[in-house]
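**Student:** generate coordinates for the sequence data below:
(chains A and B)
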Amino acid sequence: MTERQLKYFEAIHEATDLALGADENVLLMGLGVPGPTGIFGTTSGLQDKYGARRVIDIPSSENAMTGVALGAATRGKRPIMVHMRLDFAVLSLEPIVNQAAKWHYMYGGRVRAPLVIRMIIGRGWGQGPQHSQSLQAWFAHVPGLKVVMPSRPCDAKGMLLSAVQDDAPVIFLEHRWLYNLEGPVPDGVYSTPLEGASVLREGSDVTLAACSYMVIEAMRAAETLASVGISAEVIDLRSVAPLDMATLGKSVGRTGRLVAADTGHAECGVASEVVAAVTEQCFASLKAAPQRVALPPIPSPTSPALADLYYPGANEIAAKALQTLGRNDVLPEPPSDPGRRWRDTPDPSFTGPY
Amino acid sequence: MNRIRQPRDVEPRFFGLAPTQASFEGAVATAMFREMLRIRRVEERIGERYAEQEMRCPTHLCIGQEAPSAAVCAHLRPQDLVFSNHRSHGHYLAKGANLNAMIAELYGRATGCAAGKGGSQHLIDLDAGFMGSAPILASTISVGVGAAWAAKLDGRDEVSAIFFGDGATEEGTFHEAMNYASVACLPVVFVCENNLYSVHSELDIRQPPRPVAALAPAHGMRAAVVDGNDVEAVWKAAGTAVAHAILGEGPTLIECVTYRWREHCGPNEDLNLGYRSIDEFSQWQQDDPLERSRSAFLAAGWLNENVISTMEQEISEELDSAFDFAIQSPFPDPRELATHVFPDPS
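**Tutor:** Modelled structure (predicted):
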């Protein structure tokens, strides 16, 4: 029997549907949640199914509505809040950082804030400086928040179900370029832990640790490296706070080499944290300086001509892996996309806008 | 509305809200006087002992502003909720929260209401319905609205009363929260304690000359601005506001114009800083909400000196006991540093 395949957005939708069905206290809220496009299909039809009490559209008030979600969470509700772009959630940093992250601690454990905040990270098709930021490092820096960014449909479903069950606030980051990728997804309710990386490909020469869409690029890089006889291990971090140091340490202990790839900026970012933590804890195992593949300290540009220069991908990951091995092989060209002028969409079938 | 400089400048106005017709009687008046007196004495005692450097946290005293706490909470039932800001002691006490746990919290003890992790700025007592306080302006307003939303979803008869200062009304989230409370018709009473200053910055340079309460009608809400040093006036406005909330008729904003006597943060007077005049301060001090109640209630025959003296005695003993409790309580165990960052599975 072939495994059931779902696209990433369908997995998110299914998890949300199951969570709403399983617990009357689960709420779904966000601008456009019941709307005609249903947050890129992730919330479509759920208001019809669960009613306008529990599945709600909201005012364009990211700040207060996050506080509202927190207030409901402290009274037994389990809200899932959705932002069509992470950039809009920047308006809600106060209730996330000062309040939700801290209420359990600063009130001595007397209050719980079981809140899930979904944020979608945009990229390409001219999304530009305010529609495509990957600010996971901001949230990962704040104690009291769990920050996850699954790359596969099965993890997206299992981790969203876990996030809704968790009594801590969870920042759930979804890269828009993952939305149409398909993968096997089990039926029914299951939970994937919010902590813990996943080894997607075993290898012995170099560890490629990546999160979110960069996992896709890391898997491509591993293929390319294999073609020149290099065995790369690919770790999907899945959670960026906390980091799974056990899995990272075990892998680097074997390979002695690390390339950390993140969708965000390199400076003070997740890739930096992975490199720093591995260097501290596995220094003796390292055979070469760990490398980062992440965004330069430049805002996301809009023009496709600039965006193509801006985003690193499989080639950059593979090149850094070679560097850790002290090799200067000429890597095979990636399979070309005939007729494809720009690389600012996940695949040529994609036509904007979005 | 003209600039408010003196107590007599406060002009009550009502925006779609009628003060309650319920009569203000001896028992209610006496209970509120006692609560105001208790809050005053707690704050004074904290002020007296603050210099010992044993209460090592920012502490914002509400001396001069006791009336809104006593008057609003007089209408709240045990199941109703209070959300508060940095100047929270009055709200906490008037809602019936635990005094010992509050003083222990100021002393950073394990027996504190937040286990020593919050301090004066983060009081909580869930048993009393005091849901939390936080010093970032307006930050608990939306949280209180969210609690009211949960109550409405669950069909619980529960009102959220949210206290904040005039500074908080300049934050965008205050307007966002009013908008949502109004559109979702939630059982909320917004209580603005307008003490004319945000730290040291006067209201007139921060807001145009209109009452804070005038913001509410734009959000489809009823409102009132009342003399916040007149406990009866606040009680009458709040009575209707709470009744509307209970009846499912949506939120109300009550602006209580009052005045802070001590420094923004800490136990001292601060006239030396020069941001407010001695003349202004003196006029407000002569408008002491506690003294006004005392003389009015004595004249009405609701209080007598013997009753007041008994109250003073009881409060003093309660305070002696609370401070003893705090000082004798242990500090948090070192293991507590890293507990409660994340909840244990429920």
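**Student:** part of a strand, is residue B:162?
**Tutor:** Yes - note on residue B:162: a strand contains this position according to DSSP: H, G, I helix; E, B strand; the rest coil.
**Student:** now do the closest residue to chain B within the stretch 201-350 of chain A, the pLDDT please.
**Tutor:** Closest to chain B within the stretch 201-350 of chain A is residue A:242: 9.5 Å, counting by CB to the nearest CB. C-beta: built from backbone N, CA, C; applies to glycine. Among the per-residue scores, residue A:242 shows a pLDDT of 97.
**Student:** so which elements touch the helix or strand where residue A:323 lies?
**Tutor:** Secondary structure from DSSP states H and E places residue A:323 in helix A:314-324. For helix A:314-324, the elements it packs on are strand A:206-210, helix A:213-227, strand A:258-265, strand A:291-295, judged by 3 or more CB pairs under 8 Å, 6 or more residues apart in numbering or on different chains; DSSP states H and E.
**Student:** change it to 10 Å
**Tutor:** Identification of packing neighbours for helix A:314-324 by 3 or more CB pairs under 10 Å, 6 or more residues apart in numbering or on different chains; DSSP states H and E yields strand A:206-210, helix A:213-227, strand A:232-236, strand A:258-265, strand A:291-295.
**Student:** so which of the ones you listed gets nearest residue B:91?
**Tutor:** Residue B:91 lies closest, by CB to CB, to one member of the helices and strands packed on helix A:314-324: strand A:258-265, at 41.2 Å.
**Student:** where do the strands sit along the stretch 51-200 of chain A?
**Tutor:** Read by DSSP state E, counting those that start in this stretch, the stretch 51-200 of chain A holds these strands, from start to end of the chain: A:55-56, A:78-83, A:116-121, A:146-148, A:170-175, A:182-184, A:198-201.
**Student:** sorry, back to before: pull the CA atoms of the helix holding residue A:323 into PDB?
**Tutor:** The C-alpha atoms that make up helix A:314-324 are tabulated as PDB, following Å, rounded to 0.1, in the frame of the first residue of the first chain:
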ATOM      1  CA  ALA A 314      22.000  24.000  -2.500                       C
ATOM      2  CA  ASN A 315      25.000  25.200  -4.300                       C
ATOM      3  CA  GLU A 316      26.200  27.400  -1.500                       C
ATOM      4  CA  ILE A 317      25.600  24.600   1.100                       C
ATOM      5  CA  ALA A 318      27.500  22.200  -1.100                       C
ATOM      6  CA  ALA A 319      30.400  24.700  -1.600                       C
ATOM      7  CA  LYS A 320      30.700  25.200   2.200                       C
ATOM      8  CA  ALA A 321      30.700  21.500   2.700                       C
ATOM      9  CA  LEU A 322      33.500  21.100   0.300                       C
ATOM     10  CA  GLN A 323      35.400  23.900   2.100                       C
ATOM     11  CA  THR A 324      35.100  21.900   5.400                       C
END
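**Student:** re earlier: so what's the residue nearest to the residue of the stretch 201-350 of chain A closest to chain B when sequence neighbours are not counted up against?
**Tutor:** The shortest distance from residue A:242 to any residue other than its chain neighbours is 5.5 Å, reached at residue A:195 (CB to CB, 6 or more residues apart in numbering or on different chains). Under the criterion of CB atoms under 10 Å, 6 or more residues apart in numbering or on different chains, the contact partners of residue A:195 comprise A:146, A:148, A:162, A:238, A:239, A:241, A:242, A:243, A:244, A:246.
**Student:** for chain A, what is the nearest residue in the stretch 51-200 of chain B?
**Tutor:** Ranked by CB to the nearest CB, the top residue of the stretch 51-200 of chain B for proximity to chain A is residue B:146, at 2.2 Å.
**Student:** name the element that residue belongs to?
**Tutor:** Residue B:146 belongs to helix B:139-154 when elements are defined using DSSP H and E.
**Student:** for that helix, name the packing helices and strands.
**Tutor:** Counting by 3+ CB pairs under 10 Å, 6+ apart, the packing neighbours recorded for helix B:139-154 are strand A:26-29, helix A:62-74, strand A:78-83, strand B:81-84, strand B:130-133, strand B:160-165, helix B:172-183, strand B:188-194.
**Student:** let me have those in TSV, extended by mean pLDDT and mean neighbour count.
**Tutor:** Supplementary listing: these in TSV, determined by pLDDT from 0 to 100; neighbours: other CB atoms under 10 Å in any protein chain shown:
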stretch	mean pLDDT	mean neighbour count
strand A:26-29	98	24
helix A:62-74	98	30
strand A:78-83	98	25
strand B:81-84	98	29
strand B:130-133	98	28
strand B:160-165	98	29
helix B:172-183	98	24
strand B:188-194	98	29
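**Student:** isn't residue A:159 up against residue A:170?
**Tutor:** Yes - under the criterion of CB atoms under 10 Å, residue A:159 lies in contact with residue A:170, with a separation of 8.6 Å.
**Student:** now the common contact residues for those two.
**Tutor:** Among the neighbours of residue A:159, those also in contact with residue A:170 (CB under 10 Å, 6+ apart) are A:146, A:148, A:194, A:239.
**Student:** same for chain B: which of the residues you listed are within range?
**Tutor:** Within the set of the shared contacts of residue A:159 and residue A:170, contact with chain B (CB under 10 Å from any CB of the partner chain) is found for residue A:146.
**Student:** run a quick neighbour tally on residue 40.
**Tutor:** Because you didn't say which chain, this covers chain A. 20 (other CB atoms under 10 Å in any protein chain shown).
**Student:** oops, chain B please
**Tutor:** Using other CB under 10 Å, the number of residues around residue B:40 comes to 21.
**Student:** pull the contacting residues for it.
**Tutor:** Applying CB under 10 Å, 6+ apart, we find residue B:40 in contact with B:61, B:62, B:63, B:64, B:66, B:90, B:261, B:288, B:289, B:290, B:315.
**Student:** so which of those is surrounded by the most neighbours?
**Tutor:** Looking at those with neighbours defined as other CB under 10 Å, the largest count falls to residue B:66 at 31 neighbours.
**Student:** now that residue: closest residue in space that isn't a chain neighbour?
**Tutor:** Leaving aside its chain neighbours, residue B:66 sits nearest to residue B:36 (4.1 Å; criterion: CB to CB, 6+ apart).
**Student:** next secondary structure after the host helix or strand of that neighbour?
**Tutor:** If you go by DSSP H and E, residue B:36 is part of helix B:26-50. Using DSSP H and E, the helix or strand that directly follows helix B:26-50 along the chain is helix B:66-73.
**Student:** tilt between that following helix and strand B:160-165?
**Tutor:** Our comparison of helix B:66-73 with strand B:160-165, counting by axes from the mean of the first three to the mean of the last three CA atoms, to 10 degrees, yields an angle of 170 degrees.
**Student:** counting neighbours, what do you get for the residue nearest to residue B:222 when sequence neighbours are not counted?
**Tutor:** Distances taken as CB to CB, 6+ apart place residue B:16 nearest to residue B:222, at 3.8 Å, with adjacent residues excluded. Number of residues near residue B:16 (other CB under 10 Å) recorded here: 13.
**Student:** this completes my enquiry, with thanks.
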